[in-house]
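Student: Fold the stuff below for me.
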Amino acid sequence: NEDVINNKPNPEPYLICMDYFKVKKNNAVIYEDSLVGIESALASGANLIKIKNRNDLNLNQILKAIKILGVSHD
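Tutor: So this is what the prediction gives:
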């Protein structure tokens, strides 16, 4: 949050990150567990996967993201 003017729920943190890594919004997946984070992620235009908390981020969640993006992981 030190690299942005507007923190969450503004989408600026995610937009700056996507721009820095040159990732298109439709190719980005954001995992969020907080209401302000979810609002920020949705406003960014990226794909959102809601999780209960950071411990909920696991291989199944990552495979879910791969499926959303239509990437083969075989």
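Student: Contact partners for the most centrally placed residue in the chain?
Tutor: The centroid of the chain falls nearest to I30 when counting by C-alpha atoms, centre = their mean (1.3 Å). Residues near I30 by C-beta atoms under 8 Å, 6 or more residues apart in numbering: 14, 37, 41, 44, 46-49. Any C-beta I mention is one placed from the backbone N, CA and C, and that applies to glycine too.
Student: State the pLDDT value of it.
Tutor: I30 is assigned 94 on the pLDDT scale.
Student: where do the strands sit along this structure?
Tutor: 29-32, 47-50 (DSSP state E).
Student: Now distance to K64 too, for those strands, in a markdown table please.
Tutor: Listed next are those as a markdown table, based on distance: least, C-beta to C-beta, whole Å:
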| stretch | distance to K64 |
| --- | --- |
| strand 29-32 | 9 |
| strand 47-50 | 6 |
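Student: Can you report how many residues lie near the closest residue to the residue nearest to the centre of the chain other than its chain neighbours?
Tutor: Nearest non-adjacent residue to I30, counting by C-beta to C-beta, 6 or more residues apart in numbering: A41, 4.1 Å away. Around A41 sit 25 other residues, with neighbours defined as other C-beta atoms under 10 Å.
Student: A41 touches L48, doesn't it?
Tutor: Yes - counting by C-beta atoms under 8 Å, A41 does reach L48; the two are 4.4 Å apart.
Student: if I look at these two, which residues touch both of them?
Tutor: 30, 32.
Student: packing partners for the helix or strand of the chain with the lowest mean pLDDT?
Tutor: Least confident helix or strand, the chain: helix 59-69 with a mean of 86, by mean pLDDT, DSSP states H and E. Helices and strands touching helix 59-69, by 3 or more C-beta pairs under 8 Å, 6 or more residues apart in numbering; DSSP states H and E, are strand 29-32, strand 47-50.
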